[in-house]
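**Student:** coords please:
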Amino acid sequence: MEFYWLCLHGTYIMRKRTLSFFDGEIELIGEHEIDGRQIIPSVIEGRDLSSEIIDLALQYHSAIFIESFIIDNLSLQIIKNLAIKGTPFFWTLEDVVYYLKFIKRIEDKKYSFSDVVEEIVKFESSYHSVNVSELSFRIAECYCSLNTAYIIRSAALLHDAGKLLMPRSFINAPRWYTSTEKEYIKLHSFYGLTLLKKICKDNTVFYQTAKDIILYHHERADGSGYPYGRRGDEIPLPAKIVSAADVYDALRTNRPYRSACDHDLAITYLKGKNGIFDEKIIKILEEVALENSDIWSDNHRRNNNRCIRRG
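**Tutor:** Sure, this is the predicted structure:
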């Protein structure tokens with residue numbers, strides 16, 4: 001599979017130089033070349049999120065590259081509409097190159113499920129997704145058949161997979177996010193579904209379970225979650241389980257802006273959020289987390305200074 005970079009606004013020559021290190025795997029094209037050569041661009045470059053750029057990206061299902069981009073309230077809504085359709089955007093050259101290499105491996109069938117999980121673990125610089133997976137499995141054992149619990153265990157590994165299709169330089173930026181940027185991070189649920197479609201057939205039980213987890217693990221029983229504001233029984237059980245495990249492990253892990261808390265404080269926090277988390281799930285989580293407390297011991301605790309995640 002070849003990648004084509006559509007250069008707009010006369011940037012062809014500049015890009016020819018800056019992309020030379022990609023060993024010719026990206027071919028630069030101009031606007032006039034698309035129709036004549038039946039080329040489908042992989043990346044469409046623009047100076048801003050103009051209607052022209054957006055229409056092209058949606059037409060060709062291509063990523064958008066915009067240098068020196070700043071998220072504001074207007075562009076956030078535009079980006080959300082793009083994310084729902086699975087169209088990512090970036091604002092550093094390094095982000096685009098990583099994305100193209102990553103997608104190429106998936107399209108060439110060189111990336112298996114385990115390869116994607118490995119990318120997630122490297123991206124997090126921690127074992128957060130692994131811990132969430134294990135906790136979710138222990139909780140699911142009390143609710144479902146063992147076979148279903150194992151499916152939830154594997155699917156939970158992908159709950160934050162969408163962040164792999166977002167600008168790494170932004171997500172890993174060593175600073176606090178603005179309120180608008182925090183809203184942007186919430187779009188990882190949509191990008192996660194896009195990635196799932198690339199690595200899994202949509203007619204399997206695993207696909208449906210993973211889809212529910214990816215899309216709804218940030219939903220809350222009182223409707224205060226995202227991306228759809230679902231309530232109570234509108235949230236699938238696998239998502240409810242992963243939601244509790246996700247928050248618990250986040251609380252038990254060191255972050256640049258706070259230290260990890262102990263088991264009792266984490267459970268107290270979850271119980272204190274009346275109407276947000278399923279009470280039965282929290283009760284089971286309290287027991288299984290205590291039984292597996294060695295995961296968060298001094299010998300196993302991870303420090304996430306290298307990868308700041310504020311999803």
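**Student:** Every contact and neighbour count from this point should use C-alpha atoms.
**Tutor:** Fine.
**Student:** Can you give me the buried ones in whichever strand or helix holds residue 15?
**Tutor:** Element membership for residue 15 (DSSP states H and E) is helix 12-18. Within helix 12-18, the residues that count as buried by 16 or more other C-alpha atoms under 10 Å are residue 16.
**Student:** what's the helix or strand just after it packed up against?
**Tutor:** Counting by DSSP H and E, the next helix or strand C-terminal to helix 12-18 is strand 26-30. Judged by 3 or more C-alpha pairs under 8 Å, 6 or more residues apart in numbering; DSSP states H and E, the packing partners of strand 26-30 are strand 3-7, helix 12-18.
**Student:** If we use 6 Å, what do you get?
**Tutor:** Under the contact criterion of 3 or more C-alpha pairs under 6 Å, 6 or more residues apart in numbering; DSSP states H and E, strand 26-30 touches strand 3-7.
**Student:** From the rest of the structure, what touches the strand it packs on?
**Tutor:** 26, 27, 28, 29, 30, 41, 42, 43, 44, 45 (C-alpha atoms under 6 Å, 6 or more residues apart in numbering).
**Student:** What does the pLDDT read for the nearest residue in space to the first one that is not next to it in sequence?
**Tutor:** Distance criterion C-alpha to C-alpha, 6 or more residues apart in numbering; nearest residue to residue 26, sequence neighbours excluded, is residue 3 at 5.0 Å. We note a pLDDT of 88 for residue 3 in this prediction.
**Student:** Counting neighbours, what do you get for residue 262?
**Tutor:** Residues near residue 262, counting by other C-alpha atoms under 10 Å, number 14.
**Student:** For residue 13, see how far away the residue nearest to residue 26 is.
**Tutor:** The gap separating residue 3 from residue 13 is 18 Å, by C-alpha to C-alpha, to the nearest Å.
**Student:** Pass me the low-pLDDT residue ranges in the stretch 51-200 of the chain, would you?
**Tutor:** Along the stretch 51-200 of the chain, the parts satisfying pLDDT under 70 run over 125-126, 174.
**Student:** State the distance from the closest residue to residue 189 other than its chain neighbours to residue 144.
**Tutor:** Setting aside the residues directly before and after it, residue 189 is nearest to residue 215 in space (C-alpha to C-alpha, 6+ apart), at 5.0 Å. Distance of residue 215 to residue 144, computed by C-alpha to C-alpha: 21 Å.
**Student:** between these two, which one's more packed in?
**Tutor:** residue 215 (24 against 15).
**Student:** Settle this for me: that one is touching residue 187, isn't it.
**Tutor:** No. Applying C-alpha atoms under 6 Å, one finds residue 215 not in contact with residue 187, separated by 9.7 Å.
**Student:** List phi and psi for residue 46.
**Tutor:** Per-residue torsions, residue 46: phi -150, psi 160 (degrees, to the nearest 10).
**Student:** What's the local residue count around it?
**Tutor:** The burial count for residue 46: 19, using other C-alpha under 10 Å.
**Student:** which residues pair with it across the strands?
**Tutor:** residue 66 (DSSP bridges).
**Student:** quick one: contacts of the strand or helix carrying residue 149?
**Tutor:** Assigned by DSSP H and E, residue 149 belongs to helix 146-156. With C-alpha under 6 Å, 6+ apart as the test, helix 146-156 has contacts from 133, 137, 140, 141, 210.
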